[in-house]
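**Student:** dropping the sequence and predicted coords here.
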Amino acid sequence: MSTVPNATAAPSPHEERPSGGVGACGDPVCRVCRVWQHGWKHQAVYHEDAEAIITHVAAVGRQVVTDTMTGQVVGQFEDGATIFVERSRKLSTAAIATLGRKAGLRVGREWSPADKFHLLLELLPDRDAASA
């Protein structure tokens with residue numbers, strides 16, 4: 001994985017685990033998708049400047065991907081090659097409020113569990129902004 005300025009590796013129980021140990025880390029995703037059983041590992045990097053976690057899967061050893069219907073080879077990946085999976089924004093209440101104001105919205109109710117890893121905000125029309 002290349003080094004990106006202002007990026008730090010998010011802790012992952014998958015990094016130290018050999019391929020094939022499905023679910024050994026206790027992560028329910030492993031038991032569902034079983035991606036690590038098939039020679040791939042999860043890489044999640046937090047980019048503070050972008051307030052985002054960017055996730056890839058990386059090949060563990062050379063991987064050949066085939067279409068399960070036809071058996072045709074659709075991709076080949078060398079050891080360490082990555083495939084982009086997801087970009088998940090991690091915004092604060094203040095950042096969402098700022099974006100909302102630009103769209104004529106304001107923060108209404110807010111829900112956040114004790115773990116502070118999740119945030120739900122209600123955005124409502126900002127009547128003051130609409131009349132300005």
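**Tutor:** Looks like it arrived, so ask away. If you're wondering where the values come from, they're calculated on a predicted model, not measured in any experiment.
**Student:** rest of the way, CA atoms for contacts and neighbours
**Tutor:** OK.
**Student:** from A58, how far out is the spatially closest residue to T66 that is not a sequence neighbour?
**Tutor:** The shortest distance from T66 to any non-neighbouring residue, by C-alpha to C-alpha, 6 or more residues apart in numbering, is to V73 (4.2 Å). V73 sits 18 Å away from A58, going by C-alpha to C-alpha, to the nearest Å.
**Student:** tell me which element T98 falls in.
**Tutor:** Remark: T98 resides in helix 93-102, with elements defined by DSSP states H and E.
**Student:** can you tell me which residues contact V65?
**Tutor:** Shown in contact with V65 (C-alpha atoms under 8 Å, 6 or more residues apart in numbering): V73, V74, G75, Q76.
**Student:** in the helix holding T98, what's buried?
**Tutor:** I96, A97, G100 (16 or more other C-alpha atoms under 10 Å).
**Student:** what is the nearest of these to D49?
**Tutor:** D49 has its nearest neighbour among the buried residues of helix 93-102 in I96, at 15.2 Å by C-alpha to C-alpha.
**Student:** confidence score at that closest one?
**Tutor:** I96 carries a pLDDT value of 91.
**Student:** and T93, by the same measure?
**Tutor:** 88.
**Student:** all set now, cheers.
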